[in-house]
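J.: how does the following fold in three dimensions:
(4 chains)
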Number of protein chains: 2
Amino acid sequence: MTNGKTAPMTRIQQKNRQLILDGALGVFASNGFRGATIDQIAKAAGLSKPNVLYYFRSKDEIHKTLLTRLLEMWLAPLSRFDPKGDPLEEVLTYVRAKLHMSRDYPRESRLFANEILQGAPHLTEVLEEDLKTIVDRAVVVIAGWMDQGRLARVQPQHLIFSIWSMTQHYADFDVQVRAVLGPGHDPFDEAEKFLEQLYRKMLSV
Amino acid sequence: MTNGKTAPMTRIQQKNRQLILDGALGVFASNGFRGATIDQIAKAAGLSKPNVLYYFRSKDEIHKTLLTRLLEMWLAPLSRFDPKGDPLEEVLTYVRAKLHMSRDYPRESRLFANEILQGAPHLTEVLEEDLKTIVDRAVVVIAGWMDQGRLARVQPQHLIFSIWSMTQHYADFDVQVRAVLGPGHDPFDEAEKFLEQLYRKMLSV
DNA sequence: GAAATTATTGACCAATTGGTCAGGGTCACG
DNA sequence: CGTGACCCTGACCAATTGGTCAATAATTTC
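T.: Got it, this is the predicted structure:
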């Protein structure tokens, strides 16, 4: 039942596991792991607490499932760099993709931020294997462009960090961004223009 | 006793309140507010739980005290922009100051990040008053430089966001940064060089 | 449509946790 | 050196919370 690969899931299992994960995503994102209670998750999912624990062995398992699913989606765009494409446009496409993810999936961004902030207790091994591998591949592509003189030379890893931090900032620090801007602003729209300017100037040779 | 202004504090009060705040900073930073327990704080401070509650009425009060103190230190460098200085150097000085704060006070950075991530339940009013006021002042100075053609024109608020997000990233997402870089890197040293390049190119007219 | 399987829940438990309190120790100060 | 204010703690409490379980309801299967 907890094994997605072999055990065939009934319709009810499909539906309820999804309800739980959806509810839990919001609860974890806005309260952190320790701050989230199974009761809150159950309520958000529209189920009873024992019923939640019927579909997931523990709170930990819900959290872990969520993180695993999330990580795939989160890292996917990084694998889409095309060495044959126009370097600057490739980077800008990635920046936009990440920014739109922050805008459209802020709960996912916050869940991830929470986890990393706490020292990634459930992610350390994934971080050091999958993540590093994916980033390393992207770094090779980017460094290639720089070697060819098609992109200004900067340390590729930090270029990637800059994209992550600035785009995720608009999801994770949303309240702060809005408090500073005040009413009458569209943070994500403005951010998109700002980031395009920034990377065009920075990366042009 | 809880009022720092009028009531004179004994040596013991001074010392123990400081011990508690120091201990609590670490505990809150690495566990979040809900994840932190008074027992952990007491242990970190080397005091008994009831003794901690002798110096602070509640866990909330410790947290609030910490945030208030922190916010001052955190925002101070933003007020130091000198309209008469060299624009690019002024910005770079601020960037360096923030990066060094991330390096030297990562617990403070994480405490702050945790609070904002949870929607800033204890900071909303401060955020919308003090923070906005300070930022608005800095925005005026920066916009002035741009009007004089001494700095490339970008939206000043987002310039500030970019500095905050990229510098704090190295404290808040430390595990991720180190996982990606692997051994043999000094994240903060590299970041300093990267950020200098970035802002020089971006802000040069 | 009955048996077998799956789904659901109220009631409960043990552990944790924020906070209290009475009583005893310690320190400053006259 | 005595006394009042300050400091500290073991024992305790009520609320919360992760998780269990026996019993019941709903579905599927044959």
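
J.: can you pull the phi/psi pair for residue A:155?
T.: Residue A:155 adopts backbone torsions of phi -70, psi 110, taken as degrees, to the nearest 10.

J.: what about it, how many residues nearby?
T.: Residue A:155 has 19 neighbouring residues, counting by other C-beta atoms under 10 Å in any protein chain shown. The way it works is simple: take the backbone N, C-alpha and C, and place the C-beta from them, glycine included.

J.: show me the contacts for it.
T.: B:190, B:193-194 (C-beta atoms under 8 Å, 6 or more residues apart in numbering or on different chains).

J.: for DNA strand C, what are the nearby residues on chain A?
T.: A:1, A:10, A:12-13, A:16, A:47-51, A:54 (C-beta under 7 Å from any atom of the strand).

J.: tell me the buried residues within the residues you listed.
T.: Buried by 16 or more other C-beta atoms under 10 Å in any protein chain shown: A:16, A:47, out of the residues of chain A next to DNA strand C.

J.: and the residues of chain A next to DNA strand C as TSV, adding distance to DNA strand D?
T.: Output for the residues of chain A next to DNA strand C, formatted as TSV (distance: C-beta to the nearest atom of the strand, whole Å):
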residue	distance to DNA strand D
A:1	13
A:10	6
A:12	7
A:13	10
A:16	12
A:47	12
A:48	9
A:49	6
A:50	4
A:51	8
A:54	8
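
J.: may I see the buried residues of the lowest-mean-pLDDT helix or strand in chain A?
T.: In chain A, the helix or strand scored least confidently by mean pLDDT, DSSP states H and E is helix A:124-126, which has a mean of 80. Across helix A:124-126, burial judged by 16+ other C-beta under 10 Å covers residue A:126.

J.: run through who's touching the helix or strand residue A:23 falls within.
T.: Taking DSSP states H and E as the definition, residue A:23 sits inside helix A:11-35. Contacts to helix A:11-35, defined as C-beta under 8 Å, 6+ apart, come from residues A:1, A:9, A:36-37, A:40-47, A:51-52, A:55-56, A:59, A:62-63, A:65-66, A:69, A:106-108, A:110-111, A:114-115, A:118, B:31-35, B:114, B:117-119.

J.: what's the farthest-apart pair in the residues of chain A next to DNA strand C?
T.: Largest separation among the residues of chain A next to DNA strand C by C-beta to C-beta: A:10 and A:49, giving 21.0 Å.

J.: in a markdown table, list the residues of chain A next to DNA strand C along with pLDDT.
T.: Formatted as a markdown table, the residues of chain A next to DNA strand C follow (pLDDT from 0 to 100):
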| residue | pLDDT |
| --- | --- |
| A:1 | 35 |
| A:10 | 80 |
| A:12 | 86 |
| A:13 | 91 |
| A:16 | 96 |
| A:47 | 96 |
| A:48 | 96 |
| A:49 | 97 |
| A:50 | 97 |
| A:51 | 97 |
| A:54 | 97 |
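
J.: out of the contacts of residue A:155, which are buried?
T.: For the contacts of residue A:155, buried by 16+ other C-beta under 10 Å: B:190, B:194.

J.: chain A: which of the contacts of residue A:155 is nearest?
T.: residue B:194 (4.0 Å; C-beta to the nearest C-beta).

J.: and the closest one, which of the three is it?
T.: helix (DSSP: H, G, I helix; E, B strand; the rest coil).

J.: what separation is there between it and DNA strand D?
T.: 40 Å (C-beta to the nearest atom of the strand, to the nearest Å).
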